[in-house]
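# I'd like to go over a predicted model; first the sequence, then the structure.
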Amino acid sequence: MEIVGNGFIARNLAGFSERHPHATVVAAGVSSTSVLAEAEFAREASLVEEVTRRCRADGRLVVFLSSASHALYGTGDTAMAEDVELLPTSPYGRQKLRLEHIVAESGTPWLILRVSHAMGRWQRPHQLLPAFVQQVRSGSVRLYQGAHRDLIDVADLTRAVDGLLAQDVENEVVNVASGTPLPIQAVIHGIEKRLGLSARHEIVEGPLSLTRVSVEKLCKLLPEMRSVTDADYLDRMLDRYVPCY
C-alpha cells in the first residue's frame, strides 16, 4: 500500500504498508477546520489531482481521507449518514467536499473515508490530545462551552482501512467515527484523572458545536468495528494514550 503523507495518521498506517499493493492512501493535506488560506487549499487540490491521475494511469485504487466534522456535516444531534445532502458553510468543509468530487470523478477506483477526530500515537503537539495533556500539566485549560468531539482511535482507523481494502470495498463513502460526540469537558476530566491533576478551567462562551454521524454502514461492512460504539471507548483510548504525552 502506498501512503501519501507524513503526518501521524500516515505513520500509523505505515504499520501495514506491505498489504494491499493495489491501493494508494491520501493521508496528507489540510487537517485543521480553522484553515482559511486559499493557497493551502490549492496545494491540497493539486496533490489530490496528481495522485488520482497517476492512479488512473496505473490502475490503482485511491483511498481519500475526508472529514466527518461539523465543517462537512454541520451541527445537529441527528445521526448523519453518508448519503445525506451536504451543504458545508465553512471553507474547510467546502474544500473537503470539492476533493471528494475530484476523487469520485477521477476515473479510477476509489474509497472515501470521512474520518472524525483521530487520536493516538505520534500526534503533533498542537493536536487535541497532546495539547490538552500539556494544558492540564500546566494547570490551566481553555475550553469552549458547548464544544463536542467524536473521537476515533487511530488504531481503529487503520483497522478500518485494512478491513475495507481486504474486502475490496470500492466506490463507496464510509464514515469512520465512534458515532458519539462527547462534551470536551469529559475528555479533560478523563485526562485529569489519569494524570492525578486538577487544572483550572477557563470556559469561553460559544455556540453548541455537536455533530453526530452514523456508523451503521461502517459496522455493516466490518462488524468488528462495532467496538467503537462501546460505552467505555473514551476510557480505553485515554488509558492507552495519555501516558504517551
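Great, that's in hand.
# Any stretches of this structure with poor pLDDT?
Counting by pLDDT under 70, the chain contains low-confidence ranges at 30-36.
# Mind doing that once more with 80?
Along the chain, the parts satisfying pLDDT under 80 run over 29-37.
# Which parts of it are strands?
Here the chain has its strands, by DSSP state E, at 2-4, 23-26, 61-67, 76-80, 110-115, 117-119, 140-144, 148-149, 151-153, 172-176, 182-183, 200-204, 211-213.
# what angle sits between the longest helix along the chain and strand 61-67?
Counting by DSSP state H, the longest helix found in the chain is helix 38-58. Between helix 38-58 and strand 61-67, the angle comes out at 160 degrees (axes from the mean of the first three to the mean of the last three CA atoms, to 10 degrees).
# Mind checking the strands of the chain for the one nearest to Ala231?
strand 182-183 (11.3 Å; CB to CB). (C-beta placed from N, C-alpha, C; glycine too.)
# Let me have the strands of the chain in CSV, extended by distance to Ala45 and mean neighbour count.
Below are the strands of the chain laid out as CSV (distance: least, CB to CB, whole Å; neighbours: other CB atoms under 10 Å):
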stretch, distance to Ala45, mean neighbour count
strand 2-4, 14, 19
strand 23-26, 12, 23
strand 61-67, 12, 25
strand 76-80, 24, 14
strand 110-115, 15, 22
strand 117-119, 22, 24
strand 140-144, 30, 15
strand 148-149, 27, 22
strand 151-153, 25, 24
strand 172-176, 19, 21
strand 182-183, 32, 16
strand 200-204, 33, 11
strand 211-213, 24, 23
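# I'd like those as CSV, with distance to Lys220 appended.
As requested, the strands of the chain are arranged in CSV below (distance: least, CB to CB, whole Å):
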stretch, distance to Lys220
strand 2-4, 26
strand 23-26, 21
strand 61-67, 19
strand 76-80, 14
strand 110-115, 15
strand 117-119, 21
strand 140-144, 34
strand 148-149, 24
strand 151-153, 17
strand 172-176, 10
strand 182-183, 24
strand 200-204, 39
strand 211-213, 15
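# who wins for proximity to Met225 among those strands?
strand 172-176 (8.3 Å).
# Show me what that closest one packs onto, helices and strands only.
Helices and strands touching strand 172-176, by 3 or more CB pairs under 8 Å, 6 or more residues apart in numbering; DSSP states H and E, are strand 110-115, helix 154-166, helix 216-221.
# looking at those, which is closest to Asp232?
helix 154-166 (13.9 Å).
# residues in contact with that closest one?
Helix 154-166 has contacts (CB atoms under 8 Å, 6 or more residues apart in numbering) with 1, 8-9, 12-13, 15-16, 19-20, 23, 25, 61, 63, 111, 113, 115, 118-121, 174, 176, 218, 221-222, 224-225, 227-228.
# What are the buried residues along that helix?
For helix 154-166, the neighbour count (16 or more other CB atoms under 10 Å) marks Val154, Ala155, Asp156, Leu157, Thr158, Arg159, Ala160, Val161, Asp162, Gly163, Leu164, Leu165 as buried.
# I'd like the helices and strands packed on strand 172-176 as CSV, with distance to Arg98 appended.
Listed next are the helices and strands packed on strand 172-176 as CSV, based on distance: least, CB to CB, whole Å:
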stretch, distance to Arg98
strand 110-115, 12
helix 154-166, 22
helix 216-221, 22
